[in-house]
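[1] could you look at this predicted model? Sequence included:
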Amino acid sequence: MSPWPRKKDPEKVDDPLEIKEEIAPKEESKVEPKKQAEERPASEVVTLMTPLDSYISESIKTQPEVEKLDVEVKKDIEGRHRLSLPDYLEPFSYDCTQGIKCPHHKWTSEYLPMGENKKIRQWRQTKFGQFVFRWILKHKSAIDHAKHIRGWYLVNRTYFPDSPKTLFSINGAVEIGDNILFLIPFKKALEMRKRPARQSQERIKSETTRHKENPSFYEPKLSPESGSEEGVELDTGTFA
């Protein structure tokens with residue numbers, strides 16, 4: 001034994017300013033094992049199809065069976081053609097696409113004299129819609145030209161909120177075959193239709209006046225009564 005007495009360890013005094021935090025024991029996260037994906041049987045065949053082939057496949061599935069097929073011959077309606085507008089959009093069209101029997105554009109007729117003791121019947125449209133519609137080829141270059149160059153708008157449900165859902169295809173537009181439907185306001189369409197005639201008249205006027213300031217330019221002036229130029233007698237002799 002040591003001759004010296006063993007010193008006692010100093011007692012720990014709690015500091016009143018010390019903040020004691022009780023650390024809760026960490027709970028072990030329970031991770032559920034991932035469910036293994038069901039493996040497909042080796043005999044199952046996966047077929048990859050284009051959107052068009054998929055559409056045809058779904059159409060075939062929705063067709064009735066052979067026993068339920070109805071033999072019906074549809075009669076052609078006068079004035080209707082393959083690019084006529086759907087019945088819902090026809091009243092909104094400025095141009096009639098269903099012929100003189102269209103119930104929306106109110107066609108009227110009158111007989112005009114033609115020749116001696118003959119008359120011809122002329123039809124006239126009396127009611128017009130607020131839009132002009134046009135079918136555009138469903139191709140990117142054609143759509144870009146119509147939309148960004150010509151200023152046409154794609155027909156969609158936002159313009160016609162009360163239209164039937166069956167009117168629009170899966171992409172939200174109106175389609176018939178390889179064509180997709182566009183529209184513009186009728187005032188803009190009328191200006192576009194008048195533009196070629198206006199440009200043609202301007203070109204004709206520019207050609208007739210472009211050389212007037214040139215002193216070497218000769219402009220003949222024919223008299224319709226005499227058949228001659230002013231101040232110049234024409235030789236009306238017989239040519240062999």
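    Cool, the structure landed.
[2] can you map out the strands along this structure?
    Remark: strands assigned in the chain by DSSP state E are 107-113, 119-125, 131-137, 153-154, 175-176, 179-185.
[3] with distance to residue 168 added, can I get those in JSON lines?
    From N, CA and C alone the C-beta is placed, and that goes for glycine too. Formatted as JSON lines, the strands of the chain follow (distance: least, CB to CB, whole Å):
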{"stretch": "strand 107-113", "distance to residue 168": "29"}
{"stretch": "strand 119-125", "distance to residue 168": "28"}
{"stretch": "strand 131-137", "distance to residue 168": "14"}
{"stretch": "strand 153-154", "distance to residue 168": "11"}
{"stretch": "strand 175-176", "distance to residue 168": "8"}
{"stretch": "strand 179-185", "distance to residue 168": "10"}
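[4] in CSV: these, plus mean pLDDT, mean neighbour count and distance to residue 101.
    Listed next are the strands of the chain as CSV, based on pLDDT from 0 to 100; neighbours: other CB atoms under 10 Å; distance: least, CB to CB, whole Å:
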stretch, mean pLDDT, mean neighbour count, distance to residue 101
strand 107-113, 90, 11, 8
strand 119-125, 90, 11, 11
strand 131-137, 94, 19, 19
strand 153-154, 94, 15, 29
strand 175-176, 90, 15, 21
strand 179-185, 94, 20, 22
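[5] where does the protein dip in pLDDT?
    For the chain, residues meeting the criterion pLDDT under 70 lie at 1-43, 67-78, 218-240.
[6] let's go with 80 and repeat that
    Low-confidence segments of the chain, defined by pLDDT under 80: 1-59, 61-79, 207-240.
[7] do a quick rundown of the helices in it.
    Using DSSP state H, the helices of the chain run over 51-62, 140-144, 186-209.
[8] hmm, who's touching the shortest one?
    Residues external to helix 140-144 that are found in contact with it (CB atoms under 8 Å, 6 or more residues apart in numbering): 136, 154, 180.
[9] one more: the first one?
    Contact with helix 51-62 is made by residue 49, as judged by CB under 8 Å, 6+ apart.
[10] got the buried residues for that helix?
    Within helix 51-62, not a single residue qualifies as buried, counting by 16 or more other CB atoms under 10 Å.
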